[in-house]
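[1] Predicted model, plus sequence, below.
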Amino acid sequence: MKIQKINILSAGNFLLLIACYFWSVVNCNAQDSIVAHVKNTFGGNLIIDNQTVMVPTKNTLEFAIRHRFGTINNGYSDFAGIFAPANINLSLNYTPINNLQVGIGITKDRMQWDGNVKYAIIKQAVKGYRYPVSITYFGDMSVSTLPMQGNFASNVDRISYFNQIIIARKVTSNLSLQVSPSLSYFNNIAGYQTIEGTVKPTMNNAHYAIAFMGRYKLTDALGIIANYDQPLTQHPMDNPHPNISFGIDIVTTSHTFQIFMGNYQSIIPQVNNVYNQNDYKKSQYLIGFNITKRFYDFFSKD
């Protein structure tokens, strides 16, 4: 069976083109005057399973550990998922120039390596309504390194992509809100069914979704965080479930620690959006945590 492959310059990366458009517009306008920007919209790069609008300052190196236990619905038999098989992601991210971050990571699930890029297009202004929100682009490309099997015919089949436009506003000194539409694309969606003698994939290669999230700061260090991810694409079969998650984060100058409960487990964003089968209606939640360590002026010569 011929498998559809993605063309990087095609609609599969249309959000990147949108990001480039915003970038060109903002850079033209930014020459007019110097605008003071809102600081610390969120406590770091991550809010549970999603990226925030934040991009660290130039020459910042980040090391992140993201851990997801098993689902809690088995109760005492695996100690609410604590003793169940876990998923872990290790990643390094670096900001070589202002507003641009690049990163690489590895995830236990499917032994996926992924590379990502994040660019702050617009930053919310302190006063006035010239820039009422912050807008950031996030893109990710992931490849599974497990032995090929089933429907995977070549190395290209292992690759998946994720594009997201992140729009956020710091509403008050304590409350920040964000909305993030996204497009995931898999070169090969595993799983086929036979309908009236014709073999068809159970899922589409492209998948649209939208995420809503927020943070309420209780103190300078402690905040309440919440996140909701809603699938938009309807597939022939195996439609993913939405994700509901909530928790707390603790922020210092060089660390961010988050502990939370939700029903995403895969960590790689496109895998979460397309393949999540944990149903919050069946109490298929799991406990997770994110730990981020920041090293400022890591490669600076100053």
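    Structure's in. What do you need?
[2] For the rest of this, base every contact and every neighbour count on C-alpha atoms.
    Noted.
[3] any idea where the helices of this protein begin and end?
    Assigned by DSSP state H, the helices in the chain fall at 14-29, 269-275.
[4] if I look at residue 271, how far off is residue 45?
    From residue 271 across to residue 45, the span is 19 Å (Cα to Cα, to the nearest Å).
[5] quick revisit: out of the helices of the chain, which gets the lowest mean score?
    Lowest mean pLDDT within those: helix 14-29, at a mean of 52.
[6] distance of residue 57 from residue 125?
    Applying Cα to Cα, the value for residue 57 to residue 125 is 17 Å.
[7] where does the stretch 201-302 of the chain dip in pLDDT?
    Applying pLDDT under 70 to the stretch 201-302 of the chain flags residues 300-302.
[8] And for the stretch 51-200 of the chain?
    Applying pLDDT under 70 to the stretch 51-200 of the chain flags residues 128-129, 148-153, 190-199.
[9] try 80
    128-130, 147-154, 189-200 (pLDDT under 80).
[10] can you give me the strands for it?
    With DSSP state E, counting those that start in this stretch as the criterion, the stretch 51-200 of the chain has strands at 61-71, 87-97, 100-107, 112-122, 134-144, 159-170, 175-186, 192-195, 198-201.
[11] Direction included, what does the fifth one pair up with?
    Okay, so that is strand 134-144. strand 112-122 (antiparallel), strand 159-170 (antiparallel) (DSSP bridges).
[12] now do the third one
    Based on DSSP bridges, the pairing partners of strand 100-107 within the sheet are strand 87-97 (antiparallel), strand 112-122 (antiparallel).
[13] okay, the angle between it and strand 61-71?
    Using axes from the mean of the first three to the mean of the last three Cα atoms, to 10 degrees, the inter-axis angle of strand 100-107 relative to strand 61-71 is 40 degrees.
[14] hmm, who's touching strand 100-107?
    The contact list for strand 100-107 (Cα atoms under 8 Å, 6 or more residues apart in numbering) reads 55-56, 87-96, 112-120, 267-268.
[15] Put the alpha carbons of it into CSV.
    Only the C-alpha atoms of strand 100-107 are listed here, as CSV (Å, rounded to 0.1, in the frame of the first residue of the first chain):
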residue,chain,number,x,y,z
LEU,A,100,14.7,32.0,19.6
GLN,A,101,15.1,28.6,21.5
VAL,A,102,16.2,25.3,20.0
GLY,A,103,16.1,21.9,21.8
ILE,A,104,16.5,18.2,21.6
GLY,A,105,15.1,15.4,23.8
ILE,A,106,14.5,11.7,24.1
THR,A,107,11.4,9.9,25.4
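[16] returning to that earlier point: mind checking which of the strands of the stretch 51-200 of the chain is nearest residue 252?
    Of all the strands of the stretch 51-200 of the chain, it is strand 61-71 that lies closest to residue 252, at 13.7 Å by Cα to Cα.
[17] Fine by me, we can end here.
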